[in-house]
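Q: Okay, predicted coordinates and the sequence, questions at the end:
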Amino acid sequence: MTAIRVRDLTKVYGEVRAVDGVDLDVADGEFVGVLGPNGAGKTTLLEVVEGLRRPDSGTVEVLGEQVWPRNAAVLPRIGVQLQASAFFERLTAREQIRTFAALYDVSPARADDWLERVGLGEKAASRVEDLSGGQAQRLSIACALVHDPDLVFLDEPTAALDPQARRNLWDLLRGIHEAGRTVVLTTHYMDEAEVLCQRVAVMDAGQILRVGTPADLIRDLGAPARNLEDVFLHLTGREYRA
Ligand code: ATP
């Protein structure tokens, strides 16, 4: 089954074509990365696919359903990672995830279990303001997963983390994927896309320039391409600057 089917999707803000004629398919159980520099349109694309923003034109199907107008049938089946700044203030990590769990009728015990699974058991009583960047990211991912969705969206989950925290989070994301979920993430880190994602959609100026496995994207360009930075240079004529 196709988890996501996007056709000729466009979202315009004034003069800016944030998403400009995008087609994208994600298969069930796939791990796909949307890779591009700041302002490429990754977040806007994700928000339209999640059903959080209205497209100007084009179609989006998620798990076989239209997402806009807002479709209540889709929401319990997808998990959307919050930016850490969107936590409820002054709650502990345990209270935070139990609150999310309650919204989906998930038991407190299962919520607590997720804290353990993302390695935050010892931080359960800490207020979210007191978590490190990596811990806050792991909490936000646990909140997105607490209702056991089929499809998970993560918007730059490792932004602003130190290298060790990024690698720990990569392990967590691999585990989520190996547990059978479809994962779509945005990133501006080339290395992250290359090591984590089965397929990568290279995005720039609202358009998806190429989609493929990292190895295929690199190989298809021939000998001069050694990595995704070379692929970006070839496709855009510009050096990659995240
Ligand atoms: P980043 O990596 O910096 O998050 P991105 O690839 O996610 O970038 P978007 O945030 O989707 O890119 O932005 C794409 C373009 O749309 C940018 O030019 C941005 O300035 C513009 N844009 C995004 N949101 C809005 C908005 N709400 N109103 C007007 N313009 C917007």
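A: Now that the structure is in, tell me what you want to look at. Numbering: from 1, shown residues only.
Q: correct me, but D56 touches D8?
A: No - D56 lies out of contact with D8 (CB atoms under 8 Å); the separation is 10.7 Å. No exception for glycine: its C-beta is placed from N, CA and C like everyone else's.
Q: Okay, now the unreliable bits of the protein?
A: Within the chain, the ranges that satisfy pLDDT under 70 run 82-85, 223.
Q: just so I have it, where are all the strands in it?
A: Secondary structure of the chain (DSSP state E): strands at 2-13, 16-27, 31-35, 57-62, 65-66, 78-80, 151-155, 182-187, 199-204, 207-212.
Q: Now tabulate these in TSV and tack on mean neighbour count.
A: Shown next, in TSV, are the strands of the chain (neighbours: other CB atoms under 10 Å):
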stretch	mean neighbour count
strand 2-13	17
strand 16-27	19
strand 31-35	26
strand 57-62	18
strand 65-66	14
strand 78-80	23
strand 151-155	22
strand 182-187	24
strand 199-204	24
strand 207-212	18
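Q: so can I have TSV of those showing distance to A93?
A: Listed next are the strands of the chain as TSV, based on distance: least, CB to CB, whole Å:
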stretch	distance to A93
strand 2-13	29
strand 16-27	30
strand 31-35	26
strand 57-62	29
strand 65-66	32
strand 78-80	17
strand 151-155	19
strand 182-187	22
strand 199-204	32
strand 207-212	36
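Q: Can I get those strands in TSV including distance to the ligand?
A: Output for these, formatted as TSV (distance: least, CB to the nearest ligand atom, whole Å):
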stretch	distance to the ligand
strand 2-13	3
strand 16-27	3
strand 31-35	8
strand 57-62	15
strand 65-66	22
strand 78-80	14
strand 151-155	7
strand 182-187	6
strand 199-204	7
strand 207-212	11
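Q: list the contacts for G133?
A: Contacts of G133 were listed using CB atoms under 8 Å, 6 or more residues apart in numbering, and they are A84, A160, L161, D162, A165.
Q: Could you check how far it is from the ligand?
A: Relative to the ligand, G133 is positioned 17 Å away (CB to the nearest ligand atom, to the nearest Å).
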